[in-house]
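Engineer: when you get a sec, could you give me coordinates for this:
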Amino acid sequence: QVSFEYSASAIAYAIVIMRVSMGWIFLQAGLEKLFAAEPWTAAGFLQFAIPEGNPFTAWFASMAGNATVDALVIWGQILIGACLILGLFVRGAAFWGAVQMVLFWMASLEGGLSEFLPLAHGWVIDDHLIYAFILYFLGAIGAGRILGLDGRLENSDFVKNNSWVKLLTG
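Structural biologist: Alright, predicted model coming up:
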């Protein structure tokens, strides 16, 4: 049997640091794309950088050159990052951030199930999935309520009268 004592405030600060750090990663990635010297596009990656043997190669290649895909990546990263940093709509931001990370993970696969889902640095798990798991954790625990705007938003009359908004906050 294991027992230990912990500090609720230390855990709360750790959650805030994790939330803001993940937010910074997304915000910085989006802003770098938005303000790149040359207009950023995912086309080259989607068409030429997907590893050989990836079971999703054709699907990713079909999106190459699609301006909507480029805008979703750039603005998605900026909005996810800003929301995580501010603690605003954290559940929604965490969900869409995790979706983006799973898509990036899928693009990194070097083979299929018969090859144990190989990645450049191992099998199955890589940094994309770790980020997705962290985002899931932040959304699941309602990390936006801890030193974030979600706590205030959830107490507003608007959210109390529109319960669907609560699905995005936390």
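Engineer: just want the most central residue of this structure.
Structural biologist: residue 97 (2.1 Å; CA atoms, centre = their mean).
Engineer: could you list every residue that touches that one?
Structural biologist: Residue 97 is in contact with 22, 26, 80, 84, 131-132, 135, counting by CB atoms under 8 Å, 6 or more residues apart in numbering. The C-beta positions use only the backbone N, C-alpha and C, and glycine is treated the same way.
Engineer: gap between it and residue 155?
Structural biologist: 25 Å (CB to CB, to the nearest Å).
Engineer: now do residue 39
Structural biologist: Between residue 39 and residue 155 the distance, using CB to CB, works out to 42 Å.
Engineer: and for residue 98?
Structural biologist: 26 Å.
Engineer: residue 18 reaches residue 135, doesn't it?
Structural biologist: No - using CB atoms under 8 Å, residue 18 is not in contact with residue 135; the gap is 9.8 Å.
Engineer: between its first and last residues, how far does stretch 31-48 reach?
Structural biologist: 24 Å (CA to CA, to the nearest Å).
Engineer: just after the helix or strand harbouring residue 72, pick out the following helix or strand.
Structural biologist: Residue 72 is part of helix 67-86 when elements are defined by DSSP states H and E. Later in the chain than helix 67-86, the nearest helix or strand by DSSP H and E is helix 90-108.
Engineer: where exactly do the strands run in this structure?
Structural biologist: Along the chain, counting by DSSP state E, strands occupy 118-119, 122-123.
Engineer: by mean pLDDT, show me the worst of the ones you listed.
Structural biologist: Across these, strand 118-119 has the smallest mean pLDDT, namely a mean of 63.
Engineer: please report the distance of residue 89 from residue 49.
Structural biologist: Distance, residue 89 to residue 49, using CB to CB: 31 Å.
Engineer: what about these two, which has more around it?
Structural biologist: The neighbour comparison of residue 89 against residue 49 (other CB atoms under 10 Å) goes to residue 89, with 25 against 11.
Engineer: contacting residues around the more buried one?
Structural biologist: Residue 89 neighbours (CB under 8 Å, 6+ apart): 83, 144, 150, 168-169.
Engineer: what about 6 Å?
Structural biologist: Neighbouring residues of residue 89 by CB atoms under 6 Å, 6 or more residues apart in numbering: 83, 168-169.
Engineer: can you give me phi and psi for it?
Structural biologist: Per-residue torsions, residue 89: phi 50, psi 40 (degrees, to the nearest 10).
Engineer: tell me the pLDDT of the residue nearest to residue 51 when sequence neighbours are not counted.
Structural biologist: Leaving aside its sequence neighbours, residue 51 sits nearest to residue 110 (CB to CB, 6 or more residues apart in numbering; 4.2 Å). Note for residue 110: predicted pLDDT of 76.
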